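**Student:** just to be clear, the model below is a prediction. Sequence and coordinates:
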Amino acid sequence: MIVVRGGTDKPISSQRLADYFETRTDIEGYLYLGYPIIGTIEGGYQIDALLLSDRHGAVIFHLIEGAYNEGIEIADIQDENYTKLESKLKQHKDLTKGRNLAVQLNVATFASAWTGRTDIHSEHPILVCENDLADFLESKTWEDNQAYQKLVSVIQSITTIRNRNKRGYVKKLDSKGAKLKKLEESIANLDRQQSTAVIETVDGVQRIRGLAGSGKTIVLALKVAYLHSKNPDWRIAVTFNSRSLKNQFKHFITLFTLEHKNEEPDWDKIDIIHAWGSPSIRGIYYEICLKHNIEYFDFKTAELMAKSYGKGFDVACEKAHSEIKAFQQYYDVVLVDEAQDFSPYFLRLCYGILKQPKRLVYAYDELQNISNKQMPSPEELFGLDTSDKPFVSLQNTQGKPKQDIVLDVCYRNSRPILATAHALGFGIYRKKGLIQMFDQHQLWQDVGYKVKDGKLADGEPVTLTRDEKSSPEFLEKHSPIDDLIIFKSFNNDAEQIAYLIADIEKNIKEDELKLDDIMVIHPEPYTAKRAVGVIREALFKKGINSNLAGVTTTPDEFFKDNAVVFTQIYRAKGNEASMVYIINAQECFDAFNIAQKRNMLFTALTRSKAWVRVLGYGQNMQALKQEFEEVKHNKFELKFTYPTAEERKKLNIVNRDMTEQERKKLQKKSASANDLLQSLMIGEIHKEDLSEELRTRLKELL
């Protein structure tokens, strides 16, 4: 039995009900406390507690706190609970038979302090103890329970997402469109951890973490809608790094709020707001600067202040945090998506602008990229007070909402695609050896790998594999592995383009894919616009519309209906598509900045919900394809010797991220060193020509 604790104003009876069901290991299903909230013409109507079970159907519990009170209209309350939920369920054809509900629905009052007032078998039953609960449930069995999964989906509000992806146009039984239809139906309900993340909210900081593709964005949107419906006066902000997430959040929050309240969200109370912002675009950081009368730094200025590329926002947030002596507190809840993209100082700014009790929800991917940058602990993120005690320390306590939630199942990428992404990203089967590696061995298990052979320890050989729990089998069983993931090498760019155009045309005309099922990713952000222009023009001549994300769309848009999306790698982050094409992949095989390039390849591969095509040309593409063949030959298991701390340090130095200026400077210095070496080798100069001090220092360094 999965107990999910939402907000409730009846804590004693809720806890006693939860305690009982946590002992009933024979009943499989969900017990929701303070949930669902049902949309009615009067607004949101909250149920005290709801049991969903394939054995007992749906059972509403009306909860009573305190001693007996004859003034409570139990019959009226039970009847209203019943009719409200029945009305909601009858809106779904799959839950009806003729004019009747196809789900067993019952209601009872649970009043744990009403000793001696048991009335189990009346039309309006009253239960006061565990024996009453057991007897009542025993009398309510659901025989024809085929609609159970659909029932759960409706209660979780997930049907609104499924309806969005209807594929009524599909005619063929085994086309890719037909396979997608079945695949989308398989991901019908929230799992245990997702349900917990949506409904359980703590008075303080809550962390939600997991793999890319584990459903964090949907979970956060559901959470915003739930909190807004339950607490309409709260000011809520949801913030993020990728601007293309804004429309996703607005769409899902609207859908889920309509489910809960039967009305649109009050957008005066909900801010879907970018992290940085500017005078023309709202942002958390920009508004903090305005409200606290401190200097705001735009991207260009912040980057000039930073010592390394891409750290401008970190520097700006650190400076803002240091200048604010007393925070204005104007939000009741702040939810941060993509928290792995932010420095601790941005999260501290979000924490600062929160009213007590500081409800901050931060969600992040354990492995959005595979650089050695790992998320700091809550103690490191939020710092220490004047007594050296951490402002934030997370701990899950039995019987209370969870402060730390791990979403450990990836519902986007199949096992072969995810294992390929990791193998290529880390260079597991690369002839020249590993490119990078986690310092923390445990991270491999956190992201869903199991040790098959060996052990996760420095200097030890290990074999890692993914099981069905972390990578559900249905994500790969719909198609042969040789169709799930294809690497193709061409002689030149023209051949690559011709293949891509023909394959996209086939996807649409034969495979029954929609245009917005298809994403084409170019790994190089600076040349993507020019590189994809000729491809988009050729598709247009064939009657196939496309857009270039952030160029032919607004910055907040990524997909458009009835258009294939082309994108550079950084805009692709946070988005997904059923069919992903990665073009010019040869650029990711070997390069001066190979770790960065392999991170790009990892991100591109993990955008795919079903199929991926990795295309490129030349010798480097041939070599990349061969590296993939090794992954495949090893049955998508990762076999390697874990590098020691010293070896990892060397990898981090050799493959560190550098700016273009830093790379050019290093290349120039390397060329000078090479010239010196050549001169020594051919006798143009002798080692004695070098000063003794220089020779000594060279020996020490090399």
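**Tutor:** On my side now, so go ahead.

**Student:** next up, the contacts around the closest residue in space to Leu638 that isn't next to it in sequence.
**Tutor:** In space, Leu638 comes closest to Leu464 once its chain neighbours are excluded; the distance is 4.3 Å by CB to CB, 6 or more residues apart in numbering. Yep, even glycine has a C-beta here, placed from its N, CA and C like the rest. Under the criterion of CB atoms under 8 Å, 6 or more residues apart in numbering, the contact partners of Leu464 comprise Trp444, Tyr449, Lys450, Val451, Lys452, Glu637, Leu638, Lys639.

**Student:** again, but for Ala538
**Tutor:** Contact partners of Ala538, counting by CB under 8 Å, 6+ apart, are Ile497, Ile501.

**Student:** check the gap between it and Ala494 for me.
**Tutor:** 11 Å (CB to CB, to the nearest Å).

**Student:** got the contacts of Leu464 as a markdown table, with distance to Pro11 and secondary structure columns?
**Tutor:** What follows is these, written out as a markdown table (distance: CB to CB, whole Å; DSSP: H, G, I helix; E, B strand; the rest coil):
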| residue | distance to Pro11 | secondary structure |
| --- | --- | --- |
| Trp444 | 40 | helix |
| Tyr449 | 40 | strand |
| Lys450 | 39 | strand |
| Val451 | 42 | strand |
| Lys452 | 46 | strand |
| Glu637 | 48 | coil |
| Leu638 | 47 | strand |
| Lys639 | 52 | strand |
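
**Student:** list only buried entries from those.
**Tutor:** Buried residues within the contacts of Leu464, counting neighbours by 16 or more other CB atoms under 10 Å: Trp444, Tyr449, Glu637, Leu638, Lys639.

**Student:** of these, closest to Glu42?
**Tutor:** Closest to Glu42 out of the buried ones among the contacts of Leu464 is Tyr449 (49.9 Å), distances taken as CB to CB.

**Student:** that closest one contacts Arg466, doesn't it?
**Tutor:** Yes. Using CB atoms under 8 Å, Tyr449 and Arg466 qualify as a contacting pair, with a distance of 6.0 Å.

**Student:** quick one: the strands in the stretch 501-650 of the chain?
**Tutor:** Listed from the start of the chain, the stretch 501-650 of the chain has strands (DSSP state E, counting those that start in this stretch) covering 518-522, 546-548, 564-568, 577-582, 608-617, 638-641.

**Student:** so for Ala134, which of the ones you listed sits nearest?
**Tutor:** Ala134 lies closest, by CB to CB, to one member of the strands of the stretch 501-650 of the chain: strand 608-617, at 43.7 Å.

**Student:** hey, C-alpha coordinates of the closest one in CSV?
**Tutor:** Output of strand 608-617 as CSV, limited to C-alpha atoms (Å, rounded to 0.1, in the frame of the first residue of the first chain):
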residue,chain,number,x,y,z
SER,A,608,14.8,10.4,-27.7
LYS,A,609,11.5,8.8,-26.4
ALA,A,610,11.6,5.9,-28.9
TRP,A,611,14.1,6.0,-31.8
VAL,A,612,17.3,7.7,-32.5
ARG,A,613,19.4,8.1,-35.7
VAL,A,614,23.0,9.2,-35.3
LEU,A,615,24.4,10.5,-38.7
GLY,A,616,27.7,11.8,-39.8
TYR,A,617,30.5,11.5,-42.4
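
**Student:** tell me the mean pLDDT for it?
**Tutor:** Mean per-residue pLDDT for strand 608-617: 97.

**Student:** partners of it, with directions?
**Tutor:** Applying DSSP bridges to the sheet, strand 608-617 is found paired with strand 485-490 (parallel), strand 577-582 (parallel).

**Student:** hang on, Pro36 packs against Phe256?
**Tutor:** No. Counting by CB under 8 Å, no contact exists between Pro36 and Phe256, whose distance comes to 11.1 Å.

**Student:** I appreciate the help and will end here.
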